[in-house]
Structures are given as structure tokens and as C-alpha cells.
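[1] Test case, fold it:
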Amino acid sequence: MVGVSRFSARTSWDVGESSYAAAVREARASGRRIYDLTISNPTLCGFVYDAELLSALGDLRALVYDPDPRGMMVAREAVAGYYAGHGAAVSAADLVLATSTSESYSFMFRLLCDPGDEVLVAQPSYPLFDFLADLDDVRLRSYPLFYDHGWWIDFAELERAITPQTRAVIVVHPNNPTGHWTGAVEREKLETLCVRHGLALIVDEVFLDYPLGESGDARSFACGGHPALTFVLSGLSKIAGLPQMKAAWIAALGPEQARAEALGRLEIVADTFLSMNAPVQLAMPKWLAGAGELQAQILERARENLGMLRRMAEESSARLQVLDTDAGWSAVLGLPGCVGEADCALRLVRERGVVMHPGAFYGMAELNRVVVSLIGPAEEFEEGMQRAIA
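    Predicted structure coming up:
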């Protein structure tokens, strides 16, 4: 059999199994009890979904193929209504639908960047950005979030990271996995920086509806004025707990002329792929209208598990540190007693059958930092944590 002589450089990733992935696979194959504290798929966490949820996919209008590159108006109006619920005046005309936030990022990179151009992204952050950037021939440069009784953007380093090739700054609000809200003062600094350097601001708000405390900064970037060209991304995966339905969007905001040109170009990008299917678009109004019930369940679980973590940390600060978090489904933990050259998450899998994500997975340098999902079943979550710090 003759193989392909050459593959693209953009897909030249190391596809070998990491030591951590191997340890998880071996632990699961061993037959012993495994405590998975990384589960973040809401459809597998025991939440109660509306029994009639799938009936929305039976709309007979879906039998007619009448594509709109920006997405069906009925779906975009439903998204505009979602933002109205957050106090933001977003017009359906300023929205472009996509199948996922990942696809939305790809649209953004194609809109804003030529091959070799740069986009700035916070670290710690979700590693998916690396693959998306590779696939669109974009270079990522990181700017740090630092921890000091909460997470903060290091604006001095952010400014230093800007080069003549920089085209945009990505902000995940709240950040995954740190749960950092971009507060009003930080937002103003970001917008001023973007205007000064002629950069676009890309804001990922998929976890916006999951505040874990009483922070006053739980405000969408879609609200207020937009001195810089701003793109707000979100979707049903987190808002409605429906990652399998593949529905997301981009809201284009900012100065009128730049926004209009961006939307015109985005329409052609979206028209080239026409990714969205009609049944899901027609179901979006019902799903968005009913999202609050599932959000309440997820929030209750996340707050319960976070409260349990904090109680455990108070009782044994030498074994567990819970870093401050504002929102989202994750918590960053420090394990002070876990020292040495080996990653703590790897040791926990091998020695105690507890699965946590290594902090290094998100770009954290500390070997004793791990990340857990807060939406897994509470009883198993507590048992796994007790085992981890015993």
C-alpha cells in the first residue's frame, strides 16, 4: 500500500499518547474504582432535561431549503432576545450563526488574519486555541493572568506582547478554567489598548450565565459602548447545556463602518460553508427560552461542589488550596503536599485512582496545580476529593 507522500505542516502535531493519557487509560482498564473529577459534559451529569426538548426539531419548515448565510432570522432574533435579557441591545442584523464556538473562532481568524498574523490569548487558558490557530495559519502569543487573591490581567505584559503582526486580543469572560471575570476597569483598559493599536477584541462568553458568587462584574461585553471593533461569541453548548446540538453565534459590535464591513465579510465566510442546519435553527427559540431551568440545576451543583471544596480547604489548608473563582464550571486547586518533579495529576491517577486535569494542560507552570470540573455528581465529587487529599 502506497502512503501519502506529504502532509501539511499545519497538522504536524505530536499525536502520540501522553504519559497522563496513558495513566488514565490504564487506570480505567484496571477494573478498580476510578473517581473522574473532570467530567464537564452536562448531558452525562444527571441533570433533568425537558422531556419535550427534542420536539422542537420537528418543525416542518425545516423541509424547505432556504439558507441565510448569517442564519435564519427566527434564530437570530432569539439570540438577540437572549442578550436583551442581559441588558444588551444586540440587533439580529449584527449576528452570524455558526455550529460551534470553535467554528466561530475559525471565522474570526479568517476574517482578521493573514497567514502568520498573530492573536493574543490569556494564559492560563483552554488549549483548543492552539489547534484552531494552527489550522488557520495564525500564530498565538500569550499574555498572563496572574493570581493574587484573585486572577488579574497583566496589562504590562499584554502591551509588550503586541507586535506589528498582532490583529486581535482574545478575552474569555469568564475565563476557562480560572473563572476570572473581566471587570469594568479591565474592560476599559482592554478597549483603550485595542483602539490605540488598531486591534479587534474577541470575547468568548460561553460561561457568562454561571456566576459562582455575588460579583458585580457579571456583565456581558455586549452591553454598553464599544469603542473598538468587538466580537462576542457564545452558544447553546453552555447556555442551554446542549453541546450535541451544535449552535453558536458571533455578535459584531463597535464603530458603525468597521462593524458593517466585518459583517459583510463574515457573511461571505459563512456563505462559503453554510454550516448550520435548519432543524436546530428553528428549535433555538424554544431552547433559549427554556435554558434557565437547566442553568439553575448546573449552578446549584457547581456552587455545592465549590462550597464543599472550600470547606475542605478550611479544614486542611496544608493539603488543599482552592483558588478564587468568579464563574464557570471549573475550579483551580493547589495541592501543597504534592511536591516533586512528577505532575500531581499524574500521581493521583496512578496512586489513588482520582482523575483531575493537570494545570499544565492549561498552561500553568506549577506542578501541584490541578483543575476539576464542578458539575459532576456531588457524592462522587466529594468522595474523589477526600481520596485525593487523604
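
[2] Which SSE is immediately downstream of the helix or strand that contains residue 105?
    Using DSSP states H and E, residue 105 falls within helix 101-112. Next helix or strand after helix 101-112 toward the C-terminus (DSSP H and E): strand 118-123.

[3] What are the contacting residues of that next one?
    109, 112-113, 129, 133, 138-145, 153, 158, 161-163, 165-172, 175, 202, 362-363 (C-beta atoms under 8 Å, 6 or more residues apart in numbering). For the C-beta atoms, the positions are set from N, CA and C on the backbone; glycine is no exception.

[4] Now for the nearest residue to residue 297 once chain neighbours are set aside: which residues touch it?
    Among residues not flanking residue 297 along the chain, residue 47 sits closest, at 4.8 Å (C-beta to C-beta, 6 or more residues apart in numbering). Contact partners of residue 47, counting by C-beta under 8 Å, 6+ apart, are 241, 294, 297-298, 301.

[5] Same question for residue 17.
    Taking C-beta under 8 Å, 6+ apart, one finds residue 25 in contact with residue 17.

[6] how near is it to residue 285?
    Shown here: residue 17 relative to residue 285, a distance of 43 Å by C-beta to C-beta, to the nearest Å.

[7] Next: residue 266.
    To residue 285, residue 266 is 22 Å away according to C-beta to C-beta.

[8] neighbour-wise, which of those two wins?
    More neighbours surround residue 266 than the other of residue 266 and residue 285, with 23 against 17 (other C-beta atoms under 10 Å).

[9] Which pLDDT value belongs to that one?
    Model confidence at residue 266, given as pLDDT, is 98.

[10] how about the strands in the stretch 101-250 of the chain?
    Along the stretch 101-250 of the chain, counting by DSSP state E, counting those that start in this stretch, strands occupy 118-123, 139-147, 151-153, 166-172, 200-204, 230-235, 248-253.

[11] closest to residue 311 out of the ones you listed?
    With C-beta to C-beta, the closest approach to residue 311 among these belongs to strand 139-147: 21.1 Å.

[12] How far does the closest one sit from its chain's centre?
    Its chain's C-alpha centre and that of strand 139-147 lie 16 Å apart, by C-alpha atoms, centre = their mean, to the nearest Å.

[13] How about the contacts made by the nearest residue to residue 242 once chain neighbours are set aside?
    Computed as C-beta to C-beta, 6+ apart, the closest residue to residue 242 that is not its neighbour in sequence is residue 236, at 4.6 Å. By C-beta under 8 Å, 6+ apart, the contact list for residue 236 reads 242-243, 245, 247-248, 284, 287-288, 291.

[14] same check, this time on residue 124
    Residue 124 makes contact with 145, 175, 177-178, 332, 359, 362-364 under the criterion C-beta under 8 Å, 6+ apart.

[15] Looking at the residues you listed, which two lie furthest apart in space?
    Longest span within the contacts of residue 124, C-beta to C-beta: 175 and 359, 13.8 Å.

[16] Tell me which of those two has more neighbours.
    Between residue 175 and residue 359, counting by other C-beta under 10 Å, residue 175 is the more crowded of the two (27 against 24).

[17] Wait, that one touches residue 145, no?
    Yes: between residue 175 and residue 145 a contact is recorded at 6.6 Å, counting by C-beta atoms under 8 Å.
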